[in-house]
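*Asks:* Any chance you can model this:
(chains A and B)
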Amino acid sequence: MQVTITVNGVEQTRDIEPRMLLVHFIRDELQMRGTHWGCDTSNCGACTLWIDDEPVKSCTQLAVMADGKSITTVEALAKGGELDPIQKGFMECHGLQCGYCTPGMMMVGRALLDENPHPTEAEIREGISGNICRCTGYKNIVASIQWAADNPATTDAEVTA
Amino acid sequence: MQTPALVDYAKATSVAHAIELLEQLGEDARPVAGGHSLLPMMKLRLASPEALVDLNDIAELVGIRVEGDEIVVGAMTRHRDILSSAILAEHYPIFREAEHVIADPIVRNRGTIGGSACQADPAADLSAVGSALRGTAVIQGSAGRRTVLLREFHEGPYDTVIQPGEILVELRYPIRPGAGSAYEKVERRAGDWGVATAGVYVVVQDGIVTDCGIGNAAVGAEHYCSPGAEAALIGKPATEESFAAAAAVAGQECQPYADQRGPEDYKRHLTTELTLRALRRAAAASQGA
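*Replies:* Next comes the predicted model:
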């Protein structure tokens, strides 16, 4: 079945089986390996991407269900060679060790800050409660998201002014 | 790697279109809502529908509104929108309290109230809420619409009264002025199914409980409710003694079984305790405390 899905602003048309999961469409059909494939049971959140700007676990959606939709993956966080504050936060605060959960953590972290620019620690912990990390104990991940909240990107307007 | 078996797929654009597609594709076709229950079952090959009819683009199935003396929730309304609904928060805080402990924020972005009802998982929090509130389900097929009490909607685990060619379109809950409501749940870890849960509404007038509904999930309560506990409470003074007596009936009336979440006696104890806590809070809210 033919689908057209806009991924990070680029229309992608493919002929796929309806049973293909969205995570495999992204990783195997499009060869974009930033989105990780983890538990396969919608528990760990490593496969989190956005469908129409909302975080979704892509192991639990069929690619055909995203036909006509707009998808954003971790590859789109950096703009023009400049890392997103959420990415800088994970660097600054040592928010990762093995890195497996990191794309999912950054995608929910970014979405959380877009909705709530100044979250409390409790709100951050609630926000990432669908994402599992087996290395860090979460402390530094929470700190990384907090860092991004405290250091938002300078907008173009501000730069010009 | 978990992959569903081969399956056909069609996207419905309206309720009438969905019913038409289901009839065309035959009785082994299934509607798919958010997909967060059905797709995991398909990946494990516990479910192998021959075709899926995708309901996600049907705008008429989404939304929360007041209609007369009822709150109407469209079957494709997502958990996150139930969690943040001002209408539901005003009339029934039980929804917000239950939604807050359903899965996790990412799953709540996709999962729907109708999908949850039709999955009919014995531990489904919203099924306990719907039974506690004595809501109704509106089901549509090619012959028209029919309405079923939520207390008669589930025929058993993973089984509902919905027939091939029908879909659930709305859930309706009667508004009860002066009612307080609350939801209590114990789970092993964030986002898990409950070990036991209790959801209740209570109406207290002049110190007397004049009306109540008591729901329990995950503990084998028939139709997710405890009519014996309700009968034990109605007409009684709104006191700790009355609540404890009713909660004890809920703990006796349910039929939990031992599993990795705990032994039977522990689940009965939890059911009693959580029902008591929910009754206390709902009664306090009804009395404006």
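*Asks:* so what pLDDT did A:Ala153 get?
*Replies:* Looking at A:Ala153, its pLDDT is 88.
*Asks:* What's the end-to-end length of stretch A:127-147?
*Replies:* End-to-end span of stretch A:127-147 (C-alpha to C-alpha, to the nearest Å): 15 Å.
*Asks:* Name the residues of that stretch that come out as buried.
*Replies:* For stretch A:127-147, a neighbour-count test (16 or more other C-beta atoms under 10 Å in any protein chain shown) marks A:127-133, A:136, A:138, A:140-147 as buried. (C-beta placed from N, C-alpha, C; glycine too.)
*Asks:* burial of residue 84, as a residue count?
*Replies:* Using chain A here. 20 (other C-beta atoms under 10 Å in any protein chain shown).
*Asks:* right idea, wrong chain: chain B
*Replies:* 13.
*Asks:* Can you pull the phi/psi pair for B:Glu264?
*Replies:* Torsion angles at B:Glu264 (phi, psi; degrees, to the nearest 10) stand at phi -60, psi -40.
*Asks:* Just want the residue of chain A that's nearest chain B.
*Replies:* A:Gly130 (2.9 Å; C-beta to the nearest C-beta).
*Asks:* What score does the residue in chain B that chain A sits nearest to have for pLDDT?
*Replies:* Ranked by C-beta to the nearest C-beta, the top residue of chain B for proximity to chain A is B:Asp104, at 2.9 Å. What the model reports as pLDDT for B:Asp104 is 97.
*Asks:* repeat for the one 3 residues further on
*Replies:* pLDDT, the model's per-residue confidence, is 97 for B:Val107.
*Asks:* The chain: strands as residue ranges?
*Replies:* Reading this off chain A. A:2-7, A:10-15, A:48-51, A:54-57, A:70-72 (DSSP state E).
*Asks:* sorry, should have said chain B
*Replies:* B:8-11, B:29-32, B:51-54, B:64-67, B:70-74, B:136-141, B:144-149, B:154-156, B:159-160, B:167-174, B:179-187, B:194-205, B:208-215.
*Asks:* deepest of the ones you listed, which one?
*Replies:* Greatest average neighbour count among the strands of chain B goes to strand B:194-205 (a mean of 28), per mean count of other C-beta atoms under 10 Å in any protein chain shown.
*Asks:* What are the neighbouring residues in contact with A:Thr102?
*Replies:* Applying C-beta atoms under 8 Å, 6 or more residues apart in numbering or on different chains to A:Thr102 gives the contacts A:Phe90, A:Gly95, A:Leu96.
*Asks:* Any chance of those in TSV with distance to B:Ala143, neighbour count and pLDDT as columns?
*Replies:* Converted to TSV, these look like this (distance: C-beta to C-beta, whole Å; neighbours: other C-beta atoms under 10 Å in any protein chain shown; pLDDT from 0 to 100):
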residue	distance to B:Ala143	neighbour count	pLDDT
A:Phe90	56	25	98
A:Gly95	56	28	97
A:Leu96	56	20	96
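*Asks:* Adding distance to A:Thr6, write those residues out as CSV.
*Replies:* Converted to CSV, the contacts of A:Thr102 look like this (distance: C-beta to C-beta, whole Å):
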residue, distance to A:Thr6
A:Phe90, 26
A:Gly95, 29
A:Leu96, 29
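*Asks:* With distance to chain A and mean pLDDT as new columns, can the strands of chain B be given to me in JSON lines?
*Replies:* Formatted as JSON lines, the strands of chain B follow (distance: least, C-beta to the nearest C-beta, whole Å; pLDDT from 0 to 100):
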{"stretch": "strand B:8-11", "distance to chain A": "4", "mean pLDDT": "98"}
{"stretch": "strand B:29-32", "distance to chain A": "8", "mean pLDDT": "98"}
{"stretch": "strand B:51-54", "distance to chain A": "6", "mean pLDDT": "98"}
{"stretch": "strand B:64-67", "distance to chain A": "18", "mean pLDDT": "98"}
{"stretch": "strand B:70-74", "distance to chain A": "18", "mean pLDDT": "98"}
{"stretch": "strand B:136-141", "distance to chain A": "22", "mean pLDDT": "98"}
{"stretch": "strand B:144-149", "distance to chain A": "27", "mean pLDDT": "98"}
{"stretch": "strand B:154-156", "distance to chain A": "23", "mean pLDDT": "95"}
{"stretch": "strand B:159-160", "distance to chain A": "22", "mean pLDDT": "97"}
{"stretch": "strand B:167-174", "distance to chain A": "17", "mean pLDDT": "98"}
{"stretch": "strand B:179-187", "distance to chain A": "12", "mean pLDDT": "98"}
{"stretch": "strand B:194-205", "distance to chain A": "16", "mean pLDDT": "98"}
{"stretch": "strand B:208-215", "distance to chain A": "24", "mean pLDDT": "98"}
